[in-house]
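S.K.: here are the coordinates; sequence isn't available:
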């Protein structure tokens, strides 16, 4: 049985519907790339249009953002472990690592909110200039995605607890994994393209 | 907010509209109650996930929107017929051309074509439904409620009036205060998200659910054009989503993307809009090309000429469609170099398009043309579209475009391509596939009357507009000067000709429903592709036995070999999804939230948003596995449908 | 059936004849009868492209009519004339791919040349410096500032003939486009940036100018007249304006700038450029900050009547 399984496709790919859902999600991620691409483009175009608000170099500091980056990168790694545990068929393993991923995601969001409040205190809000509008919408869209991901993962945790690892739950968790890794990649672009460049220029 | 601010007041035409809405709605409610059809409506239609029924709902909505957009057009043409006309004032005229453009592109052209794709594509590839039937229903309700939200604006809150392009800063909070512009943003956002979901859904359907043996280059050409269209949707619609969201945030939450304050950049809207908008043009024209190809091959009784070239030219056009958006504003002063690049890329689109025209002509060469109504629409397309196409190339020549831009020359051009392309294709496709939807053909004689009224009216309406443009008449002016009188009055006559054509077309739907002979075979036109292999009425599972494909025009090959697409011995139970009310309710709640946001009632909107999210959570916990249709039931259905 | 075929060919003939008739009547259309070198260049380009387009239309229409008439399904057709499985022909497909490529190349070269030409003042008046006019659009009127002459007009324009005019376009608020079809093509007026448009009149006369880019309720009324006159007449007019017209004060300017339609043209012996240039990022929010609440007011503009706020 176990040798047979190791040769077969992973559980989430075994049904036709599972396979199609995963492909469909890849196509959706392509659309998400177009969406974030557009947001990055508007940010780039509006860069420097700070009007009377502080310039990004005055506010961006490596500290918190670097911690956020490490947290999100780690969460991507723990999410990978959760998928690995799922492949091994361990309900407990999946749930443990998903909860760790969730906790990391939550701390990322908390730090981001803290950071945004800090900027607002310094006079950089959504309304203060074209540049800051673009910044808050770009980073905020990513933040909303992460928050939705957290809510989604909670639903999957409940379902895994109820049903164990079935073709359907494994498909859902796998797709969540794709989503989470994608958000990680987007953040890397925000970290380098927005924060690092913003600190230098 | 006072009640008299909520409802639009002081316009006799709008009062008439309100009365009409109340009367029609009460009539519908009365009829549904009188004939006890409420449960039927709910069970068979509002909760369906069947792609064929969803397709029919798309097309019915699109026809209703064509009526609305057409009524707008006739009001505009009436106002422009005579120099001293005072039928519409400036404000009312501005609202009407804005809704005309938006309704026709977003709520008529796209849903009409997506409706046809819904009905035809799964059957053409030998599939039983979409990859994600639930999402398909969700897409439809997103579009439908989005369209309703947009349309309600003319009685509640006021219509948008900044043009369908909604250029900033005019469409920003300062210059267009009030809910009108928000209706535009939220209506488009909702239906746009639905379209994006369709893009993902249909793309996966075509890529993964084709009948065994149907390789990509054995797919029917309409399926090809749909697949490429879905690629464009997936990469272009997120741009619209972002653009609409940014303008919404600008207007409601005070950000500074497109404002004149805070170093905003109003011109970025034009860029974002057309980075979506130009691909959008091809989203509505490529499926039209596919429809014409199918119909011309069928009624020429001949294989499509240059199939693979046709496919590659669609792909090339789709790729180029992302590289030409600047031609919508050559006059922005981007400089000679930038304009040169976009000028050449624009004209380059004429090459694959020209190749397609010649391929259609070559398909007619040594053929046996049968003049049916769908064929007449397809044949009329060729010369009409060529006129639209060559004037498009002229517009693409940036230096000359400085004179054409914003003039009636441009209006004539895009109506020539969009009506001769998309609208003719919608009519042709509807008539062609009508038996697959309703079990009977449309009357040929009345169909021909509608055709001649519409086509002649179309040329009479739009051909003079090229010359009006060259005489310096700008688009979007609400009255004309005496020098432009002659050509304008001719144009108005043509517009009413089109209106009569449409009325006759709609009458034909009723007439055919009453009097047309019911179809007994699944293949009334002796056609070529797999959608004709299913019986009429098409069973909910489409194919009792999934066909095996080994060539282009698979059904034609089957017929030549004398094979039947149905083999009773191979029938197995079929798995089908259950109907569900969730898409309807979920999108209904999101629409309510959008409506609150239109009036900037933030807390109510937030409550609506939470309601929508709750629906999504319910969906996540829904493990409905569908049901199976037994072999006996299938055999019985097939026997009765095929008259065995 | 027989009926429709007759209709079809009749219809084709109708289109073709109509096309030719209407094209010969082109010379009366404003764009096809330009009064200056810029419009002339654009007209030449349009006419040049029209030959290609007419060629394409004739070829396609003739082929189309031939196919539709010859290959109708009718009794007594030669069965050899029906080849249902014909699916392609490399040679002919290559030919009809190459021909459009050649046409596009033939159209691209003059287009690009003209584009670069239009970025410079016309060559026919190269010996003189162009006359600089700042054309500022505002909802829904036009300000024309002559910085060298120190005068400003509202809703009308005087230019000398045979001399290039360098329009520096900008807008106080919404996006507009300056278009004088008799003299040449348009360009956008935008707040916070400046675009340059060269035009020139070679014949004296009065030409229609307008905003061609929709910008709200008063759009159709945002027109102006262009008086093209000999340089001596132009100089007289300048001198007269300098001597008789009042100075433009900032408060007067602000009252004119307020969204609305003006009942009459105006002239001043100084320009608003001394305190604001809307084509710079500093001048971008000048109008919107002053009149934020006024843009939403409706004019209730009807045909034949100009309602104004003052």
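M.R.: Good, I have the coordinates. Quantities reported herein were computed from a predicted structural model and do not represent experimental measurements.

S.K.: ok, for the closest residue to chain A within chain C, nearest residue in space, not its chain neighbours?
M.R.: Nearest residue of chain C to chain A (Cβ to the nearest Cβ) works out as residue C:281 at 8.8 Å. Heads up, the C-betas are built off the backbone N, CA and C, glycines and all. Once flanking residues are discounted, residue C:281 sits nearest to residue C:192: 5.2 Å by Cβ to Cβ, 6 or more residues apart in numbering or on different chains.

S.K.: Tell me how many other residues crowd the nearest residue to residue B:405 once chain neighbours are set aside.
M.R.: Of all residues not flanking residue B:405 in the chain, residue B:331 sits nearest, at 5.1 Å (Cβ to Cβ, 6+ apart). When neighbours are defined as other Cβ atoms under 10 Å in any protein chain shown, residue B:331 has 25 of them.

S.K.: Give me the next element, helix or strand, following the lowest-mean-pLDDT helix or strand in chain A.
M.R.: Within chain A, no helix or strand scores below helix A:2-7, which has a mean of 46 by mean pLDDT, DSSP states H and E. Moving toward the C-terminus from helix A:2-7, the next helix or strand (DSSP states H and E) is helix A:16-46.

S.K.: any chance you could read off phi and psi for residue B:627?
M.R.: Torsion angles at residue B:627 (phi, psi; degrees, to the nearest 10) stand at phi -150, psi 170.

S.K.: now swap in residue B:37 and tell me
M.R.: Torsion angles at residue B:37 (phi, psi; degrees, to the nearest 10) stand at phi -110, psi 10.

S.K.: Leaving out sequence neighbours, find the closest residue to it.
M.R.: Of all residues not flanking residue B:37 in the chain, residue B:31 sits nearest, at 7.4 Å (Cβ to Cβ, 6+ apart).

S.K.: what about the helix ranked longest in chain A and chain C, touching?
M.R.: If you go by DSSP state H, chain A has its longest helix at helix A:130-163. No - if you take Cβ under 8 Å from any Cβ of the partner chain as the test, helix A:130-163 misses chain C, and the best it gets is 11.0 Å.

S.K.: residue ranges of the strands in chain B, please?
M.R.: Ranges of strands in chain B, per DSSP state E, are B:574-576, B:627-629.

S.K.: And the stretch 151-300 of chain C, by the same measure?
M.R.: Counting by DSSP state E, counting those that start in this stretch, the segments of the stretch 151-300 of chain C that form strands are C:151-154, C:156-160, C:165-171, C:176-180, C:184-189, C:195-199, C:205-211, C:223-229, C:266-268.

S.K.: could these be laid out in CSV, adding mean pLDDT, mean neighbour count and distance to chain A?
M.R.: Below are the strands of the stretch 151-300 of chain C laid out as CSV (pLDDT from 0 to 100; neighbours: other Cβ atoms under 10 Å in any protein chain shown; distance: least, Cβ to the nearest Cβ, whole Å):
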stretch, mean pLDDT, mean neighbour count, distance to chain A
strand C:151-154, 97, 23, 29
strand C:156-160, 97, 22, 33
strand C:165-171, 97, 24, 18
strand C:176-180, 97, 29, 22
strand C:184-189, 97, 28, 18
strand C:195-199, 97, 24, 18
strand C:205-211, 96, 20, 26
strand C:223-229, 97, 20, 32
strand C:266-268, 96, 20, 32
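
S.K.: Pipe those into CSV and attach distance to chain B per row.
M.R.: As requested, the strands of the stretch 151-300 of chain C are exported to CSV (distance: least, Cβ to the nearest Cβ, whole Å):
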stretch, distance to chain B
strand C:151-154, 21
strand C:156-160, 16
strand C:165-171, 8
strand C:176-180, 6
strand C:184-189, 2
strand C:195-199, 3
strand C:205-211, 7
strand C:223-229, 10
strand C:266-268, 23
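
S.K.: could you dump the ones you listed to TSV with distance to residue B:386?
M.R.: Converted to TSV, the strands of the stretch 151-300 of chain C look like this (distance: least, Cβ to Cβ, whole Å):
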stretch	distance to residue B:386
strand C:151-154	46
strand C:156-160	41
strand C:165-171	36
strand C:176-180	29
strand C:184-189	26
strand C:195-199	33
strand C:205-211	32
strand C:223-229	36
strand C:266-268	50
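
S.K.: just so I know, which of those lies nearest residue B:375?
M.R.: Smallest distance to residue B:375 across the strands of the stretch 151-300 of chain C (Cβ to Cβ): 41.8 Å, for strand C:184-189.

S.K.: on contacts alone, who are the packing partners of the closest one?
M.R.: Under the contact criterion of 3 or more Cβ pairs under 8 Å, 6 or more residues apart in numbering or on different chains; DSSP states H and E, the helices and strands touching strand C:184-189 comprise helix B:398-404, helix C:37-70, strand C:131-138, strand C:165-171, strand C:176-180, strand C:195-199.

S.K.: mind giving me TSV with the ones you listed and columns for distance to residue A:140?
M.R.: As requested, the helices and strands packed on strand C:184-189 are exported to TSV (distance: least, Cβ to Cβ, whole Å):
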stretch	distance to residue A:140
helix B:398-404	38
helix C:37-70	47
strand C:131-138	35
strand C:165-171	31
strand C:176-180	34
strand C:195-199	34
